[in-house]
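Student: With the input below, show me the fold.
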Amino acid sequence: MERLKKRAEFLRAARGIRRVEGAITLETCAAPELKPGHLRVGFTASKKIGNAVTRNRAKRRLRAAAAAVLPLCGRAGNDYVLVARRETLTRPFDGLVADLKSALRGAHEKQARTKTEGSA
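Tutor: Residues are numbered from 1 along each chain as shown. You can find the predicted model right below:
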């Protein structure tokens, strides 16, 4: 997994598919410039979450969940942005992982529907 680092990459993902599941907001889009077999991920937490310590803790939890789920459920050639919500801090880790899996499943289904509708 590679990391998203530039603001433009985060903004492109924000224009793509968005899924909100429990304690996670997932934004995803296709990334045509990637090498085959690679996916990229970025993490963000706004000031609505809390102070810097709280935001960093939320992002650490998101990174751990992404490391557990994205190698198995993520699709190569996609960019993923995980946005922390207030519940990210208090949700049990198993619930956080389940939220991410559910969000990925829904985003991939929506991505497949838009591809088939676009080709029809």
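Student: Can you name the residues that contact L39?
Tutor: Counting by C-beta atoms under 8 Å, 6 or more residues apart in numbering, L39 touches M1, E2, A31, L70, G74, R75, A76, G77, N78, D79, Y80. For the C-beta atoms, the positions are set from N, CA and C on the backbone; glycine is no exception.
Student: for this structure, which helix is longest?
Tutor: helix 93-119 (DSSP state H).
Student: End to end on stretch 84-100, go ahead and measure it.
Tutor: 11 Å (C-alpha to C-alpha, to the nearest Å).
Student: Show me what counts as buried in the worst-scoring helix or strand of the chain on mean pLDDT.
Tutor: Each helix and strand of the chain was given a mean pLDDT (mean pLDDT, DSSP states H and E); the minimum falls on helix 93-119 at a mean of 88. Using 16 or more other C-beta atoms under 10 Å as the test for burial, helix 93-119 gives L96, V97, A98, D99, L100, K101, A103, L104, A107, H108, Q111.
Student: can you put these in TSV and add distance to F43?
Tutor: TSV is the format used below for the buried residues of helix 93-119 (distance: C-beta to C-beta, whole Å):
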residue	distance to F43
L96	13
V97	15
A98	18
D99	15
L100	12
K101	17
A103	14
L104	15
A107	16
H108	20
Q111	21
